[in-house]
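Trainee: Next comes the sequence, and after it the predicted model I'd like to discuss.
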Amino acid sequence: MESTQVYSTGRRKTAVARVWLKPGVGSITVNSKEVAVYFPRKTLLAIIQQAFEAANALNKFDVVATVEGGGLSGQAGAVRHGISRALVEAAPTSKDALRRGGYLTRDSRKKERKKYGLKGARARFQFSKR
């Protein structure tokens, strides 16, 4: 493991997270707030921790992340993606476990755009014969 900090970018949907990983005690800061304050739901906290659990690196690194765009769920996924990519740089032996968990793959699903003449992306207006 390196003793310096590692930078990585994580993305999910329209959310982008810039993640700095440095050796520490496991504190996570997102947009200058404690992670439990920024992501109030337990499921979102669990999503972020998944990368550390897969790499057996719980409480070994401190994380500072700035995230923008999307909603809370997309932002949590983006932070996890950024942490995973940074963990590969910091501890290359964890790459296989992170790859198996699917944490290194960018989830590119975005909202489909609305088409003209339609109510939404694919939904039509209600048809009436009379």
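Mentor: Alright, I've got the coordinates. In this text the structure is predicted, and so the values were computed from the model without any measurement.
Trainee: just so I have it, where are all the strands in this protein?
Mentor: Listed in chain order, the strands of the chain (DSSP state E) span residues 6-12, 15-23, 28-30, 33-34, 61-68.
Trainee: I'd like these as CSV, with distance to residue 96 and mean pLDDT appended.
Mentor: Backbone N, C-alpha and C define where each C-beta goes, glycine included. What follows is these, written out as CSV (distance: least, CB to CB, whole Å; pLDDT from 0 to 100):
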stretch, distance to residue 96, mean pLDDT
strand 6-12, 18, 95
strand 15-23, 19, 95
strand 28-30, 24, 94
strand 33-34, 31, 94
strand 61-68, 19, 95
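Trainee: out of those strands, nearest to residue 88?
Mentor: Of all these, strand 6-12 sits nearest to residue 88, with 8.3 Å by CB to CB.
Trainee: So which bits of that closest one are buried?
Mentor: 6, 8, 10-12 (16 or more other CB atoms under 10 Å).
Trainee: Quick check, pLDDT for the spatially most central residue of the chain.
Mentor: Nearest to the centroid of the C-alpha atoms of the chain, with distances taken as CA atoms, centre = their mean, sits residue 78, at 2.1 Å. In the predicted model, residue 78 carries a pLDDT score of 96.
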